[in-house]
Structure formats: structure tokens, C-alpha cells
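Q: Got a sequence here, can you build the structure:
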Amino acid sequence: MASGGKKRRRIGVVVAVSAVLVVAGACAVAFASLNRPPEVNFPRIEAQPIERPLTPAQQLVVDADDPLACAVTFLGDGAPVDPMLQWQHALYAGLPIPAQDGRVFAGWYPTEADAAALSTAVRVNGADPVVCVDQQVELFAGWTTPEANAAENAKIPILMYHQFTTNPDGESGWLRGNYAYIGDFEAQMNHIATTGFYLPTWDELSAFIDGRLFLPAHSVIITDDDADQTWFDLAVPVIDKYKLLSTSFMITAYGQDPAPSIYVQRRSHTNDMHQAGENGKGRMVNWTAEEIAADMNASGDILGVRQVMAYPFGHYNDTAKQGVAMAGFEMARTIEPGYVTIGTDKLALPVVRIDYGMGLEALITRIG
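A: Next up is the predicted model:
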């Protein structure tokens with residue numbers, strides 16, 4: 001009886017203590033709740049990319065929306081501020097020729113070091129295909145002095161070819177001399193391609209004549225008159241093989257073939273003046289300046305370029321020069337022997353004529 005009462009008392013104490021603990025815990029929770037700051041639901045912040053404006057070169061590529069587009073950025077003293085759009089798998093077109101008082105521009109180069117050294121082997125111009133990385137490329141300006149330009153004493157040969165033959169013995173007839181043996185032509189083009197010649201564009205030649213642009217003495221321009229079928233069939237594959245910039249002077253009334261290669265520039269041999277006039281000489285020296293200008297305008301419109309032409313038969317006079325200039329042509333090529341130098345008459349450019357029988361040694365004698 002006594003032990004049972006003690007047991008009941010112990011149970012009652014345990015229950016009482018438990019109740020106290022429960023009440024104390026509840027009070028603690030309630031107290032904590034009273035002192036807890038109210039919950040605030042902050043909005044989730046998502047990471048956002050930082051918007052950066054496109055560079056002018058990047059914007060040029062975006063606007064072009066073409067995987068072959070290439071933005072060229074010009075760097076160095078006197079370089080244009082704005083980039084220029086070019087096209088991969090084509091040759092550079094219309095690269096700027098900056099001008100500064102007391103200095104002579106010496107071309108564009110792939111690195112600043114090349115520009116400082118005026119490294120002709122890597123100089124970039126319209127004879128070179130456009131090659132880009134991520135649709136962009138940088139070119140650095142090179143400069144020299146008027147004294148250094150004069151000391152170079154460059155004499156630029158303009159080679160003049162006509163027709164071509166696969167016959168080592170040549171062709172017969174009164175035009176025999178016009179036919180270059182294709183084996184000789186190949187040897188000559190190989191020589192030009194492998195011995196460090198620089199191939200100027202016509203706009204570079206014009207600036208060189210003005211004394212505004214430095215051209216190395218080891219330069220040459222390759223041209224063909226008449227755009228004869230043998231030019232397309234025999235010579236152009238050689239031009240392509242060696243990747244040499246050349247010019248085909250076309251009589252546009254007789255043919256308007258598209259350029260057969262990126263390395264062949266189409267230029268005017270007049271529209272329909274490659275025939276005799278009243279006195280037996282070419283129409284170029286029989287017509288008025290206005291008639292000449294009209295013909296040259298027709299040819300320029302067909303080709304989409306003016307810039308330079310070649311006089312038919314080499315016939316020209318002051319009236320012919322006036323008519324050519326009236327049509328917007330800056331330069332004209334004759335058949336008179338010689339070399340282009342600083343100050344040469346732009347409307348009477350001389351040539352180095354290549355005739356049948358003139359092999360590699362003959363070429364080296366004339367152009368180095």
C-alpha cells in the first residue's frame with residue numbers, strides 16, 4: 001500500500017515536471033516568435049549579360065550579314081579612322097592611299113614591324129586575296145621620305161602582250177610578232193612570281209607618278225591587248241597558276257566577256273575605235289574629242305570602271321588625250337617603249353613590248 005502510493009506520487013511529479021517543461025517550451029517559442037523580425041520575400045535576381053557596344057569593324061560585319069564579309073581596320077600614323085569592308089575569296093579593292101605633307105606613303109602591311117621595315121615581300125595591295133580571321137583583319141601604314149622615294153629611282157615596266165601560241169616555231173602571217181609562245185610566257189610569269197616582284201595596282205601607279213606613293217624598283221605590271229581567245233585559253237591559266245595580277249584591255253564592241261579570273265582586271269581598249277579612220281590611222285586620231293569621249297563613255301559603262309585605257313594601235317594625239325580625259329579616264333597606255341617614273345605623263349604611259357621569240361632572258365634584260 002505504501003509502495004503503491006510512492007509510485008503514484010513519482011508519476012505525478014514526472015507528469016507535473018513534463019507539463020512545466022512543455023509550458024516553458026511553448027512560452028519560449030512564443031517569446032522567440034514575438035522577437036523575430038518579420039519575413040521579407042526578396043525577388044530573385046537573375047544574372048544578366050553585360051551589353052557592350054560593337055566596335056565599328058564588328059558593326060560593319062553585322063550590317064553586311066555575309067559570311068564572306070571582312071572588316072579591314074587601318075592602324076598607324078595617318079591611317080583612316082573608319083574600317084573598310086572587303087570580301088574574302090576576292091582581291092583587295094580600293095585600299096586607301098593616305099597623304100601627309102613631307103612624307104610618302106609606302107603601303108599597307110600585316111604587322112607594325114613589317115610597316116616599320118617596309119617589307120615588300122608582305123606588303124598588301126590589290127594584287128592580294130583577302131584573308132580574314134573572324135571576319136576581321138588589321139593593316140598597318142608604312143611611310144618613307146620624299147628623299148628615299150627619289151633615291152629608289154624606280155622605273156616601273158608595263159609589259160604588253162597580245163596573242164599566244166602553243167607552237168614553239170610561232171605563227172605565220174603579218175601578226176606573227178604578236179604571238180608569244182606560251183612556254184616563254186610560263187617561264188616569264190614563273191620568274192615574276194618567284195623573284196620577289198611587287199605588282200602595283202593602277203591607282204598605286206597613279207599615286208607613284210604623283211610622288212605620293214613609294215613603289216619598290218622591283219615592280220612590274222602585266223597587261224594584254226585585245227582579249228584574244230588565246231589570252232583566255234592559254235595565258236589566263238598561267239596567270240591563275242602563279243596568282244599574278246594582270247590587266248586585259250578589251251575592245252568592248254567586239255567582246256564583253258566577264259573576268260576569267262580574280263587576277264584579271266578588265267580595262268578599256270575603247271568601245272569601237274580599234275579600226276582605221278579616214279586617213280588610214282586609227283579613229284583615235286581622226287575623231288573629235290567629243291566623239292572620242294562618247295566612245296570611251298560607252299566602254300567605261302560596259303566595264304564598270306574607267307581609270308586607265310590603252311590606245312588602239314598606239315595612235316594618239318592631244319585631241320585623243322583630251323577626249324579620254326573628258327570621259328573620266330585618268331591614265332592611258334601607249335605602245336611607246338619605256339618605263340613609268342615619277343612625273344610620267346599619265347595619258348602617255350610607255351610599255352615594254354613582248355614579241356614572239358622573246359624568252360626569259362629577254363624579259364630579265366628588260367625588267368631585272
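Q: show me where the chain has helices.
A: 2-35, 56-64, 112-117, 146-152, 182-194, 202-210, 229-230, 236-242, 289-303, 318-326, 360-367 (DSSP state H).
Q: could you redo the ones you listed as JSON lines and give each row distance to Arg176?
A: C-beta here means a position set from N, CA and C on the backbone, and glycine is covered the same way. Putting the helices of the chain into JSON lines (distance: least, Cβ to Cβ, whole Å) gives the following:
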{"stretch": "helix 2-35", "distance to Arg176": "115"}
{"stretch": "helix 56-64", "distance to Arg176": "51"}
{"stretch": "helix 112-117", "distance to Arg176": "46"}
{"stretch": "helix 146-152", "distance to Arg176": "38"}
{"stretch": "helix 182-194", "distance to Arg176": "14"}
{"stretch": "helix 202-210", "distance to Arg176": "30"}
{"stretch": "helix 229-230", "distance to Arg176": "13"}
{"stretch": "helix 236-242", "distance to Arg176": "21"}
{"stretch": "helix 289-303", "distance to Arg176": "29"}
{"stretch": "helix 318-326", "distance to Arg176": "28"}
{"stretch": "helix 360-367", "distance to Arg176": "16"}
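Q: would a markdown table of those helices with mean neighbour count be doable?
A: Shown next, in a markdown table, are the helices of the chain (neighbours: other Cβ atoms under 10 Å):
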| stretch | mean neighbour count |
| --- | --- |
| helix 2-35 | 9 |
| helix 56-64 | 16 |
| helix 112-117 | 16 |
| helix 146-152 | 14 |
| helix 182-194 | 18 |
| helix 202-210 | 20 |
| helix 229-230 | 17 |
| helix 236-242 | 17 |
| helix 289-303 | 19 |
| helix 318-326 | 19 |
| helix 360-367 | 15 |
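Q: separation between the nearest residue to Asp82 once chain neighbours are set aside and Pro80?
A: In space, Asp82 comes closest to Pro56 once its chain neighbours are excluded; the distance is 6.5 Å by Cβ to Cβ, 6 or more residues apart in numbering. Distance of Pro56 to Pro80, computed by Cβ to Cβ, to the nearest Å: 11 Å.
Q: One more: Ala90?
A: 20 Å.
Q: Tyr181 bridge partners, please.
A: Beta-bridge partners recorded for Tyr181 (DSSP bridges): Thr165.
Q: so it makes contact with Gln163?
A: No - contact criterion Cβ atoms under 8 Å: Tyr181 and Gln163 do not qualify, at 10.7 Å.
Q: which ones are touching the most centrally placed residue in the chain?
A: Nearest to the mean C-alpha position of the chain, counting by Cα atoms, centre = their mean, stands Tyr92 at 0.9 Å. Tyr92 is in contact with Val72, Gln86, Val124, Asn125, Gly126, Asp128, Pro129, Val130, counting by Cβ atoms under 8 Å, 6 or more residues apart in numbering.
Q: Now the fifth one: closest residue in space that isn't a chain neighbour?
A: Spelled out, it's Gly126. Gly126 sits nearest to Thr201 (Cβ to Cβ, 6+ apart), 4.0 Å away.
Q: Also the first one?
A: Sequence neighbours aside, Met84 is the residue nearest to Val72 in space, at 4.7 Å (criterion: Cβ to Cβ, 6+ apart).
Q: do you know how far the one you found is from Glu112?
A: Distance, Met84 to Glu112, by Cβ to Cβ: 19 Å.
Q: Please apply the same query to Asn167.
A: 52 Å.
Q: and what of Asn317?
A: Distance from Asn317 to Glu112, by Cβ to Cβ: 49 Å.
Q: Equivalent analysis for Tyr92, please.
A: Look at Tyr92 and Glu112: by Cβ to Cβ, they are 19 Å apart.
Q: Sketch out the low-pLDDT regions of the stretch 1-150 of the chain for me.
A: 1-49 (pLDDT under 70).
Q: Could you rerun that using 80?
A: The model of the stretch 1-150 of the chain has pLDDT under 80 over residues 1-51.
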